[in-house]
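Engineer: sequence first, then the predicted structure, then my questions.
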Amino acid sequence: MSDLTALTLARALDGLKAREFSSVEITTAHIAAIEAARPLNAFVLETPDKALAMAAASDERIASGSAGVLDGAPLGIKDLFCTKGVRSTAGSRILGEFMPAYESTVTANLWRDGAVMLGKLNMDEFAMGSSNETSAFGPVINPWRSRIANQALTPGGSSGGSASAVAADLVLGATATDTGGSIRQPAAFTGTVGIKPTYGRCSRWGVVAFASSLDQAGPLAKTVRDCAILLRSMSGHDAKDSTSLPEAVPDFPAFVGASVRGLRIGVPREYRVDGMPAEIEALWSRGMDWLRDAGCEIVDVSLPHTRYALPAYYIIAPAEASSNLARYDGMRYGLRVDGPTLNDVYELTRAQGFGEEVKRRVLIGAYVLSAGYYDAYYLKALKVRRRIADDFTQAFEKIDALLTPTVPSAAFGLGERSADPVSMYLNDIFTVTVNLAGLPAINVPGGLDENGLPLGLQLIGRALDEGTIFSLAEVLEQAAAFTAKPGRWW
Amino acid sequence: MAIDPETVRKVAKLAHIRVPDDRLAPMAKELSAILQWIEQLAEVDTTDVEPMTSAVPLAMPMREDVVSEAGDREAILANAPRSLAGFFVVPKVVE
């Protein structure tokens, strides 16, 4: 086997099961790839010794016939997931050298099924960002480069480390999280597949909280099937998360390859936004053709409150963040900056520990929740959120899924949008609606733009209907035949 | 609504984040830009709309009122910036 890092997760699991190669061999190959790819800055912590020990244990289980469904597969973990005894920072200085005494439920589920951890992946600070530029560890670089400019591009955010690592073949798959698009937008920018499942499908226990009513974990991987395999292991009811859904986990991979004939696919007219590149319009039309060819019916639908989703999000998410991030007070863990009074300690610790974007959002959150503004901002946003969710409910009376572009642009250059928060927020215009409504949605690579950069299509499903999304996504994946890989410059 | 540097100072106090004086005006400008953009929500008719407080309708699960995990003092203190004799050490709160 010449290059074990080029395999898909599904193929690697078959090879491990058939004893074509060992977990130690495929893990060693990935460790070497990670070392060679340090210019991408995808990892904030490499754990090669732990990976090799987990791989050796996997090989023993495979030999003894007691292997789990992910046994021996090396993965990367977004640094938002707490990992027992392994530094977890959420991309922030305020967590410093925080060493969790517990394991997040999602990662515990992956280890239960035999997966191997290669290390912790870089991300925007507390998952607040769409370009990975807010990380305390510096931005991740996209392995993809434009044909016309030799410029470092963003992999998107906040799961930029996860996306770059998957696109550059440093991991077979990665965990990620999505509060407003943080799985799907980076997947679109890197030509990878990422699904945000239904809110409550994956436990939030042990995942550093940003906006609790929106945060949801999901996988980022090379193919639709790989995502289905990972999501099956990550999902499941967890009594430790009061919003975890008490639902059985479907056999997601069984939906990959299923017929989609007769399904009705909605195309929301409000997603045709001004200034969207013609190439993205064209890709969207191709996506409709591909689904039509597979026997789907394309239906025009209206989601009239779409344009209010981002402004509502930028009240709700900061409000929840200002509450969640109140715990970083310098007393029990993380950074403490000394000062003359207790209030000085709090204020100085948080001033030095939080980056500029996090401060901005905490201040916005504190403002919209403060006396006199609560009704005008926060309560109003919760009512608009209901209208956005109702739009989807009404649309799903007539259709089975929605097809949209994932992002209104291809990957942009580092530094290009960081000066203007609102222009950065507009990146999430097609992804954020789904978080507000709690629905599942996936990014599938659809092709390259004229500069050779990946563009993605998004499928949105009914609550708990990830299965249909996986079936449709595989149809798009087959039709797009997206096999391009970034040229290796690192 | 535009917010002024004095409001930023008040909100920063609420949020326990020290914002130096020379950052108050720039921060006020940044936050005003975001808030002005958010104000388009006023266009939406939300008469008789119930606020949506959770992503999926789910009754709050109840559990028995019993200890599920006993506190492991060493693990709890392991990440403390300062601890002594099994306690967190914090700045003086009461004079």
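Structural biologist: Perfect, thanks for sending it.
Engineer: mind checking which helix or strand of chain A has the lowest mean pLDDT?
Structural biologist: helix A:421-425 (a mean of 84; mean pLDDT, DSSP states H and E).
Engineer: got the contact list for it?
Structural biologist: For helix A:421-425, contacts defined as Cβ atoms under 8 Å, 6 or more residues apart in numbering or on different chains pick out A:129-131, A:310, A:314, A:357, A:360, A:417-418, B:30, B:33-34, B:37. For every residue, glycine as well, the C-beta is placed using N, CA and C.
Engineer: name the residues of that helix that come out as buried.
Structural biologist: Residues of helix A:421-425 classed as buried: A:421-422, A:424-425 (neighbour count, 16 or more other Cβ atoms under 10 Å in any protein chain shown).
Engineer: repeat that for stretch A:483-490.
Structural biologist: Applying 16+ other Cβ under 10 Å to stretch A:483-490 flags A:Pro486 as buried.
Engineer: now do the end-to-end distance for that stretch.
Structural biologist: 20 Å (Cα to Cα, to the nearest Å).
Engineer: so for that stretch, what's the average pLDDT?
Structural biologist: For stretch A:483-490, mean pLDDT rounds to 94.
Engineer: what of stretch A:354-363?
Structural biologist: Regarding stretch A:354-363, the rounded mean pLDDT is 97.
Engineer: quick one, phi psi at the residue nearest to A:Ile399 when sequence neighbours are not counted?
Structural biologist: Closest residue in space to A:Ile399, ignoring its immediate chain neighbours: A:Gly266 at 3.8 Å, by Cβ to Cβ, 6 or more residues apart in numbering or on different chains. With angles defined as degrees, to the nearest 10, A:Gly266 sits at phi -80, psi 140.
Engineer: list the contacts for B:Val90?
Structural biologist: So B:Val90 contacts A:331, A:342, B:82 (Cβ under 8 Å, 6+ apart).
Engineer: that one: which element?
Structural biologist: In the assignment (DSSP states H and E), B:Val90 maps to no helix and no strand.
Engineer: what pLDDT does it get?
Structural biologist: 92.
Engineer: close enough to count as contact, A:Pro143 and A:Ala167?
Structural biologist: Yes. Contact between A:Pro143 and A:Ala167 holds when scored by Cβ atoms under 8 Å: they sit 5.1 Å apart.
Engineer: hey, what's in contact with both of these two?
Structural biologist: In contact with both A:Pro143 and A:Ala167: A:155, A:190, A:486, using Cβ under 8 Å, 6+ apart.
Engineer: the first one and A:Gln185 touch, don't they?
Structural biologist: Spelled out, it's A:Pro155. No. The pair A:Pro155 / A:Gln185 is not scored as a contact, 9.5 Å apart, by Cβ under 8 Å.
Engineer: any stretches of the chain with poor pLDDT?
Structural biologist: Unless you meant another one, I'm taking chain A. Low-confidence segments of chain A, defined by pLDDT under 70: A:1-2.
Engineer: chain B was what I was after
Structural biologist: B:1.
Engineer: strands along that one, start to end?
Structural biologist: With DSSP state E as the criterion, chain B has strands at B:83-84, B:87-88.
Engineer: nearest to B:Met62, of those strands?
Structural biologist: strand B:87-88 (31.2 Å; Cβ to Cβ).
Engineer: mind listing the strands that closest one pairs with, and their directions?
Structural biologist: strand B:83-84 (antiparallel) (DSSP bridges).
Engineer: for the stretch 351-490 of chain A, what lies in contact range of chain B?
Structural biologist: Taking Cβ under 8 Å from any Cβ of the partner chain as the criterion, the stretch 351-490 of chain A approaches chain B at residues A:351, A:354, A:359-360, A:362-367, A:370, A:377, A:379-387, A:389, A:421-422, A:435-438, A:463.
Engineer: just these: which are in strands?
Structural biologist: The members of those all map outside strands under DSSP E.
Engineer: which PyMOL command selects the buried ones in those?
Structural biologist: Per 16+ other Cβ under 10 Å, the buried members of those correspond to this PyMOL selection:
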select buried, chain A and resi 351+354+359+360+362+363+364+365+366+367+370+377+380+381+382+383+384+385+386+387+389+421+422+435+436+437+438+463
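Engineer: helices - which of the residues of the stretch 351-490 of chain A next to chain B land there?
Structural biologist: A:351, A:359-360, A:362-367, A:380-387, A:389, A:421-422, A:435-437 (DSSP state H).
Engineer: what about the residue nearest to B:Glu6 when sequence neighbours are not counted, distance to B:Val11?
Structural biologist: In this structure, B:Glu6 finds its nearest non-sequential neighbour in B:Leu24, 7.9 Å apart by Cβ to Cβ, 6+ apart. Taking Cβ to Cβ, to the nearest Å as the measure, B:Leu24 falls 10 Å from B:Val11.
Engineer: the two: who's more crowded?
Structural biologist: B:Val11 (26 against 17; other Cβ atoms under 10 Å in any protein chain shown).
Engineer: surely the more buried one meets A:Val368?
Structural biologist: No. Counting by Cβ under 8 Å, B:Val11 sits too far from A:Val368 to count as a contact (9.8 Å).
Engineer: okay, which residue is most central for chain B?
Structural biologist: Among the residues of chain B, the one closest to the centroid is B:Ala15, at 6.8 Å (Cα atoms, centre = their mean).
Engineer: need the contact list for it.
Structural biologist: Contacts of B:Ala15 by Cβ under 8 Å, 6+ apart are A:322, A:350, A:362-363, A:365-366.
Engineer: what's the answer for A:Arg112, then?
Structural biologist: By Cβ under 8 Å, 6+ apart, the neighbours of A:Arg112 are A:68, A:233.
Engineer: how close does it sit to B:Lys10?
Structural biologist: A:Arg112 is 49 Å from B:Lys10, by Cβ to Cβ.
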